[in-house]
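Peer 1: Test case, fold it:
(one chain, ligands or ions: 1)
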Amino acid sequence: MTGSTVGSATAARGLRWLGRWLLRAKCWLALLLLTAVTVWWLSQELILVAVVVAVGVSPGLVGATWVAASPRSFERLAAGPWRRLRWRRVITSRWEAVCRDAHLAERRRVERRSLTGERMITESWRCPRLARVRTTSHAMELIIRARSGQTVTELEAGAERIGSIFDAVAVRCWPVSGSTVAIELIMRDVLITPTIGTEPDGLVVDTVRLGRTQAGRDWLLPITGRHTLCVGASGSGKGSVLWGICCGLAPAVHADLVRLWGVDLKAGVELATGRHLFSAFARTADEAVRVLATLAEVTEQRGQAMAGRTRQHRPAPSDPLHVLVIDELAALTAYAPAEVKKEADRLLARILTQGRALGVVVVAFVQDPRKEIVGMRGLFTQTVALRLRSGEETSMVLGDGMAKLAPAHRISPATPGVGWLVEDTGSTDRVRADYWSDDQIRQVATRFRTGVQAVLITPTEPVDRQRERSRRVRTPKAGAA
Ligand SMILES: Nc1ncnc2c1ncn2[C@@H]1O[C@H](COP(=O)(O)OP(=O)(O)OP(=O)(O)O)[C@@H](O)[C@H]1O
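Peer 2: Numbers count the residues shown, from 1 in each chain. Have a look, this model is predicted:
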């Protein structure tokens, strides 16, 4: 960008803000006009009127200059705190009206007798208690305690109505106790702006930071003890999730606390960029079966070693967490030759059923979640739904009834990396993964390259022999005919 382009963009930003400020500050401007007219009428001094006008418009001019020069500091120090104060004031001052509109309040009619013996009926509203309001730069969290006789389910039912009253972008709700819920109103969509992945600066094994949640918090994905399935249509940004995991684990890979095993049957195009992070890497179906067979063997041996000693593997150098990363799972489980598919299904099912506690986990990516494509979908213990093609697909990936609560099929194609997940509490959250460029992936892979290359075993019955066998089985049939 040239200097003049940057200059005009900065000026335009300041002017846009000034325009919005003038529109919002109508009362202030009317007061200013009245004061200026009064000063002119009393003093007939133009200079005094000019001073009054200058003082009156100075907040706008200062704000516009600040926004133009440093939008981030303006947001952090002025706009953000002001907005949060306004949200807090509005919700606390209008709480009773909000409860009534959200059908959470109950009307109570009390009959009394006046001193003269007259019958009087007074009406009052019983509302759930707003126990706490917490605000962040993008969201507002309300802790609400049910009124006597009200259930948590009733409070949850009102969450969406409260969201619509405050024009929230999204609403999340989860129970905090038997009578209290937390409602999170997402007031500004932070996920519209993409963010870039950052080189990991610490050694993590259990969870990796993949990006941001819709409330602007870190999106942390548990890795240990989970098998993860990430589903998304072509171009939905599965690569960001994949590299967020691999690059996030990279320091642990370098320390041999984690070993990555890669399967990429799209000729290795995706995983080859970070090849140095992987202890084993399969580009063909036969290689993939060997990787799976070796990992199944690792699972078997670890199971024997752990039996009677511990029930949960704890990663240690040279006794690492094994993470099998499969890009486009369907290439292995649906589109591979029949005998490869059968063997891969068998081995993968073994790893998925036995591996979790033994420190062998799977992270798989797929475009199509249908059962005939990913038969072992139910064996994955956590799922991430990026942009999907239909409500049925959302239900397949996130669970029945989730198409309404976590509409992954409504994610815009213009926001790759955005997805929905269901948390352990059962509440849903919208997230966006950071984007990883090829150069960044190469840098991380070179800096944290693994020092271990796995020696792959051949499955008990090699795939080639299986093919031969299936050919031999078919031959007499043909001859008989
Ligand atoms: N987190 C992100 N933020 C912004 N843009 C992204 C993000 N992730 C991906 N993109 C953009 O979307 C494009 C497609 O992403 P990606 O290749 O990861 O999709 P995919 O789901 O793996 O698709 P396919 O299944 O066809 O390989 C990328 O080239 C990039 O330009």
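
Peer 1: Give me the pLDDT for the spatially closest residue to Ala157 that is not a sequence neighbour.
Peer 2: Once flanking residues are discounted, Ala157 sits nearest to His103: 7.9 Å by Cβ to Cβ, 6 or more residues apart in numbering. (Each C-beta comes from the backbone N, C-alpha and C, glycine too.) On pLDDT, His103 comes in at 94.

Peer 1: hang on, isn't His103 packed against Arg161?
Peer 2: Yes: His103 lies in contact with Arg161 (Cβ atoms under 8 Å); the separation is 6.6 Å.

Peer 1: Which of these two has more residues huddled nearby?
Peer 2: Taking neighbours as other Cβ atoms under 10 Å, His103 and Arg161 compare with Arg161 leading, 15 against 11.

Peer 1: Can you show me the strands along the stretch 301-450 of the chain?
Peer 2: With DSSP state E, counting those that start in this stretch as the criterion, the stretch 301-450 of the chain has strands at 321-327, 360-366, 382-385, 418-422, 428-433.

Peer 1: which one of those strands lies closest to the ligand?
Peer 2: Nearest to the ligand among the strands of the stretch 301-450 of the chain is strand 428-433; the distance by Cβ to the nearest ligand atom comes to 4.5 Å.

Peer 1: Does the closest one reach the ligand?
Peer 2: Yes: using Cβ under 6 Å from any ligand atom, we find that strand 428-433 touches the ligand at Ala433.

Peer 1: what sits up against that strand?
Peer 2: Contacts to strand 428-433, defined as Cβ atoms under 8 Å, 6 or more residues apart in numbering, come from residues 170, 172, 186, 191, 194-195, 210-214, 219, 237, 240-241, 244, 384, 398, 402, 405-406, 415, 417-423.

Peer 1: Out of these, which end up buried?
Peer 2: For those, a neighbour count by 16 or more other Cβ atoms under 10 Å gives the buried set as 170, 172, 186, 191, 194, 210-214, 219, 237, 240-241, 244, 384, 398, 402, 405-406, 415, 417-422.

Peer 1: before we move on, back to that, tell me the secondary structure at the residue nearest to Ala157.
Peer 2: Here His103 is coil, with the state taken from DSSP: H, G, I helix; E, B strand; the rest coil.

Peer 1: which residue packs closest to Asp438, ignoring adjacent ones?
Peer 2: Computed as Cβ to Cβ, 6+ apart, the closest residue to Asp438 that is not its neighbour in sequence is Thr273, at 5.3 Å.

Peer 1: hang on, that neighbour is in a helix, isn't it?
Peer 2: Yes: per three-state DSSP, Thr273 lies within a helix segment.

Peer 1: check contacts around the closest residue to Glu393 other than its chain neighbours.
Peer 2: Distances taken as Cβ to Cβ, 6+ apart put Pro369 closest to Glu393, at 5.6 Å, once the chain neighbours are dropped. The neighbours of Pro369, taking Cβ under 8 Å, 6+ apart as the test, are 229, 231, 377, 388, 393, 396-397.

Peer 1: Kindly report the same for Thr415.
Peer 2: Contacts of Thr415 by Cβ under 8 Å, 6+ apart are 191-192, 194, 432.

Peer 1: Phi, psi for it please.
Peer 2: Phi and psi for Thr415, reported as degrees, to the nearest 10, are phi -120, psi 70.

Peer 1: Closest approach to the ligand from this structure, which residue is it?
Peer 2: Distance from the ligand to each residue of the chain (Cβ to the nearest ligand atom) is smallest for Gly417, at 2.3 Å.

Peer 1: per-residue confidence for that residue?
Peer 2: 97.

Peer 1: Surely it and Thr193 touch.
Peer 2: No: using Cβ under 8 Å, Gly417 is not in contact with Thr193, being 11.1 Å away.

Peer 1: Next to the ligand in this structure, residues from the stretch 51-200 of the chain, please.
Peer 2: Selection of the stretch 51-200 of the chain residues close to the ligand by Cβ under 6 Å from any ligand atom yields Pro194.

Peer 1: Okay, strands next: where are they in the stretch 51-200 of the chain?
Peer 2: Remark: strands assigned in the stretch 51-200 of the chain by DSSP E, counting those that start in this stretch are 106-113, 119-126, 129-135, 139-145, 170-177, 180-186.

Peer 1: re the thing from before, list the contacts for the residue of the chain closest to the ligand?
Peer 2: For Gly417, the contact set (Cβ under 8 Å, 6+ apart) comprises 194, 211, 236-237, 240-241, 386, 432-435.

Peer 1: try Arg350
Peer 2: The contact partners of Arg350, by Cβ under 8 Å, 6+ apart, come to 296, 299.

Peer 1: gap between the helix ranked longest in the chain and the chain center?
Peer 2: Longest helix in the chain, counting residues (DSSP state H): helix 46-69. Distance, stretch centre to chain centre, for helix 46-69: 42 Å (Cα atoms, centre = their mean, to the nearest Å).

Peer 1: List the contacts of it.
Peer 2: In contact with helix 46-69 (Cβ under 8 Å, 6+ apart) are residues 10-11, 13-15, 17-18, 21-22, 25, 28-29, 31-32, 35-36, 39-40, 73-74, 78.
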